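**Student:** Fold the following and give me the result.
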Amino acid sequence: MSFTTEVKHELSGLRPVSDACDLAQLSALVRICGTLSYSGPGRFSIRAVTENGSVARSMYLLPRRLFDVETLVTVRRSVLHKAHNYLIEMPEQPGLAEALVRMGVLDQTMRLASGIDPAFASSDELARAYLRGAFMASGFVADPRGDFHLEIAVTGEAYASQLAQLCSRAGAPARINRRRGAFAVYLKSFDGVLAFLEAIGAERSAERVRRMRVVKSHKNEVNRLVNAELANQSRSVDAAGEQVELIRRAVGLVGMAALPPAVREFCALRLRHPELSLRDLGAEASPPVSKSALYHRLLRLEAIVEQAQAERDDAPEGDAPASN
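**Tutor:** Just a heads-up that it's a prediction; the model follows:
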């Protein structure tokens, strides 16, 4: 089961808050999912298709409970997608036109209403209920184990803009993206997705998003530490390689025996352990030597090599100092 399906299933099981909230939710469901048919004055019918059983159940039960409107559901199996879909119908019948006016689908003149009925934005509670219906109708939310992303696909830029305003009012500022003739009202942040789920009443799903944020945070911190350690190891290996090359130059220029005892000890340790950092290399000495002490011996070695190289470069040809 996808996370979107889980959220819609949770929403469909919420206890009714009030008839007004249920009406706001039904309005969004019918406006986004439904297709209105007109066959004469006062003669309307509604058809809607969904693949989500929870959405079908809400669209079947809410009109019956709120308006005592006959609602039919037909379960069909898609041969192409090998999945069930649901056809919900409100056939032409007495009282349906008045119900559609109350849903904000028709205006008082029995014409198709534009935008969201202001009544459903008259309180925060009604606005959240409308958003709940809108999400159930055409919402998608990504699995929180991946990116945080939630969107509602609708037709009409003005309607999408009004829906985005309701999202912002609920503490989830949304953006709008045009997509193949439709419009997606979307959120792409943890805070936005969480605020939206909380606003529409999906508390269980919101808690899952919170937990995944903690898991992601821990995972990112572990990855950061691992990457930092790998980077440190890489730098240590590169530095050790440069030190080995410096030792070889010193042996070629002045010979190992000519080096001061402490520097000779450093050279011997480095040649035996070319993979260790200076700190770990110091632990191999007897007695152990600090990283700072080894670093100073390295600096002395560099100075010896620079001086020997300079003397060799300055010496007349044929008089270069012989190495031991």
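
**Student:** Residue 142 reaches residue 149, doesn't it?
**Tutor:** Yes. Using CB atoms under 8 Å, residue 142 is in contact with residue 149, at 4.2 Å. Using the backbone N, CA and C atoms, a C-beta is placed for each residue, glycine as well.

**Student:** can you give me the helices for this structure?
**Tutor:** Assigned by DSSP state H, the chain shows helices spanning 3-12, 19-33, 53-67, 96-102, 124-138, 157-169, 190-199, 203-253, 261-272, 278-283, 291-314.

**Student:** what about the closest residue to residue 210 other than its chain neighbours, how many residues close to it?
**Tutor:** Leaving aside its sequence neighbours, residue 210 sits nearest to residue 194 (CB to CB, 6 or more residues apart in numbering; 6.7 Å). Look at residue 194: counted by other CB atoms under 10 Å, it has 22 neighbours.

**Student:** Now do the same contact list for residue 194.
**Tutor:** 206, 209, 210, 213 (CB atoms under 8 Å, 6 or more residues apart in numbering).

**Student:** among those, which two are most distant?
**Tutor:** Spatially, the most separated pair among those is 206 and 213, at 10.7 Å (CB to CB).

**Student:** now the protein, which segments are flagged as low pLDDT?
**Tutor:** Applying pLDDT under 70 to the chain picks out residues 78-82, 229, 233, 317-324.

**Student:** Any buried residues in stretch 74-90, and which?
**Tutor:** Buried positions in stretch 74-90, judged by neighbour count with 16 or more other CB atoms under 10 Å: 85, 86, 88, 89, 90.

**Student:** Stretch 277-290 now?
**Tutor:** Buried, per 16+ other CB under 10 Å, within stretch 277-290: 277, 278, 281, 282, 285, 289.

**Student:** For it, measure first residue to last.
**Tutor:** 12 Å (CA to CA, to the nearest Å).

**Student:** Residue 184 and residue 151 touch, don't they?
**Tutor:** Yes. Between residue 184 and residue 151 a contact is recorded at 4.6 Å, counting by CB under 8 Å.

**Student:** Please say which of these two ends up with more neighbours.
**Tutor:** Between residue 184 and residue 151, residue 151 has the larger neighbour count (other CB under 10 Å), namely 22 against 18.

**Student:** what is the more buried one paired to in the beta sheet?
**Tutor:** Counting by DSSP bridges, residue 151 is bridged to residue 140, residue 186.

**Student:** Return the residues in contact with it.
**Tutor:** Applying CB under 8 Å, 6+ apart, we find residue 151 in contact with 139, 140, 141, 184, 185, 186, 187.

**Student:** Most neighbours among those, which one?
**Tutor:** residue 185 (27 neighbours).

**Student:** ok, it touching residue 155?
**Tutor:** No. With contacts counted by CB under 8 Å, residue 185 stays clear of residue 155, the gap being 11.7 Å.

**Student:** before we move on, the earlier item: using JSON lines, lay out the contacts of residue 194 together with neighbour count and distance to residue 293.
**Tutor:** Converted to JSON lines, those look like this (neighbours: other CB atoms under 10 Å; distance: CB to CB, whole Å):
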{"residue": "206", "neighbour count": "21", "distance to residue 293": "57"}
{"residue": "209", "neighbour count": "22", "distance to residue 293": "53"}
{"residue": "210", "neighbour count": "15", "distance to residue 293": "50"}
{"residue": "213", "neighbour count": "16", "distance to residue 293": "46"}
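
**Student:** export the residues you listed to a markdown table and tack on distance to residue 177?
**Tutor:** Formatted as a markdown table, these follow (distance: CB to CB, whole Å):
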| residue | distance to residue 177 |
| --- | --- |
| 206 | 24 |
| 209 | 22 |
| 210 | 26 |
| 213 | 24 |
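
**Student:** Nearest to residue 104, out of those: which one, please.
**Tutor:** residue 206 (27.6 Å).

**Student:** Disregarding flanking residues, what is the spatial nearest neighbour of the closest one?
**Tutor:** Using CB to CB, 6+ apart, the nearest residue to residue 206 is residue 197, at 4.1 Å.

**Student:** Quick one: residues contacting the one you found.
**Tutor:** Residue 197 neighbours (CB under 8 Å, 6+ apart): 7, 141, 150, 203, 205, 206, 209.

**Student:** All set now, cheers.
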